[in-house]
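K.L.:
Give me a 3D structure for the following:
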Amino acid sequence: MKSSKDKYTWIYEIGKTYEVPGAFWQSGVFKLDINKNDIIIIEGSIRIISNFIIIIRSWLKGAKLVWWGHYWSASSKHYKASLRYKLIKLIPYVLFYTDKEVEYFIKEHKRKNNIFYLNNGVDLENIIKYRNRYLLNDKRRDIDILFLGRIAPKANIEILLKAMQDSRCKDFNLTLMGAQDDAEKLFISNEISNHGLNNRVFVVNGSSNEKDISRYANRSKIFCYPGQVGLSLIHAMSYGLPSVVHNNWRQQMPEFCAFTNKITGISFLNHDVDSLVKALQKTLNECDRENLSANCINIVESKYTLDHMKDNFISMIDIIKSR
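P.N.:
As a prediction, the model looks like this:
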């Protein structure tokens, strides 16, 4: 556990985490109280080498081990993934972020037992307080395209700016919500200027405040994340925003599984500007966006909320306790 100074008294610090060459070590793992039939959940990164001490001590004490992590992610390297899969084979219980990861894992590794998932999601109850109904001809939706998320290299904003330069997108505007500070906002603003898009592309600071986010989401027609999308996709879908994302699932984060082409939005070929332009055109000008919006909300409400995460987690714990 990481240290916490907030209201959650059940969180306590095992020990400080230190970075060592190529890895991390958390102090205090030798003193951690582990008993027979305890359920010990470890974070799935193989770079946290102190976890191997917890694994060995759990085996010796007869505790029940759960590995919790991604089956795949956009940043996965082949050799690290191979090591991760070898580690998973040694641990009796596995918890993935999404049900789709479970499906792929079973298919590719032929292991069916003791595999669980959370379906990473959002605080829908808080979003519903601010969400407006999606109507096709709502004049208040004056933002054509919304990007929501950290403006980081994995977002591949460059390809979206190139798409906005295309003559087929000349009537569209774009708002980038995600600048972390004034320096980042200035950097992105300069990139927008270099692409000659000052009059159609705007950047605003990111926020974790749902009321702030809703001010832009409720004004938007569609969501576009041109790079490796994760929870931002589900966040946008929870507002009913049809989505434009690339179609290479191996180069996406696990939350991409919430997206279905032509059901919740339109996909494009990864790193292909022309394909992105066509996807933006189609979503804004040809699709029944009200229907796509309804599909987005229905999918999020059915699977990708904090309540569903809680229920899936508790269900896993109950099953493990019974064994």
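K.L.:
Give me the buried positions along stretch 58-76.
P.N.:
Within stretch 58-76, the residues that count as buried by 16 or more other Cβ atoms under 10 Å are 58, 63-74. No exception for glycine: its C-beta is placed from N, CA and C like everyone else's.
K.L.:
which one of those is nearest Lys112?
P.N.:
For these, the residue nearest Lys112 by Cβ to Cβ is Tyr71; the value is 14.3 Å.
K.L.:
surely Gly121 meets Glu301?
P.N.:
No: Gly121 is beyond contact range of Glu301, at 9.8 Å (criterion: Cβ atoms under 8 Å).
K.L.:
So these two - more neighbours on which side?
P.N.:
Gly121 (25 against 16; other Cβ atoms under 10 Å).
K.L.:
list the contacts for the more buried one?
P.N.:
Residues near Gly121 by Cβ atoms under 8 Å, 6 or more residues apart in numbering: Ile234, Val300, Lys303, Tyr304, Thr305, Leu306, His308, Met309.
K.L.:
try 7 Å this time
P.N.:
Ile234, Tyr304, Thr305, Leu306, His308, Met309 (Cβ atoms under 7 Å, 6 or more residues apart in numbering).
K.L.:
sorry, back to before: farthest pair in the buried residues of stretch 58-76?
P.N.:
Farthest pair in the buried residues of stretch 58-76 (Cβ to Cβ) is Ala63 and Ala74. Separation: 32.7 Å.
K.L.:
Distance-wise, check the closest residue to Glu43 other than its chain neighbours relative to Asn35.
P.N.:
Using Cβ to Cβ, 6 or more residues apart in numbering and skipping the chain neighbours, the partner closest in space to Glu43 is Trp68 (6.1 Å). Distance of Trp68 to Asn35, computed by Cβ to Cβ, to the nearest Å: 20 Å.
K.L.:
do Arg140 as well
P.N.:
As defined by Cβ to Cβ, Arg140 lies at a distance of 58 Å from Asn35.
K.L.:
List phi and psi for the residue lying closest to Tyr304 once chain neighbours are set aside.
P.N.:
Leaving aside its sequence neighbours, Tyr304 sits nearest to Gly121 (Cβ to Cβ, 6+ apart; 3.6 Å). Torsion angles at Gly121 (phi, psi; degrees, to the nearest 10) stand at phi -150, psi -170.
K.L.:
cool, and Lys110?
P.N.:
Here Lys110 shows phi and psi, under degrees, to the nearest 10, equal to phi 60, psi 30.
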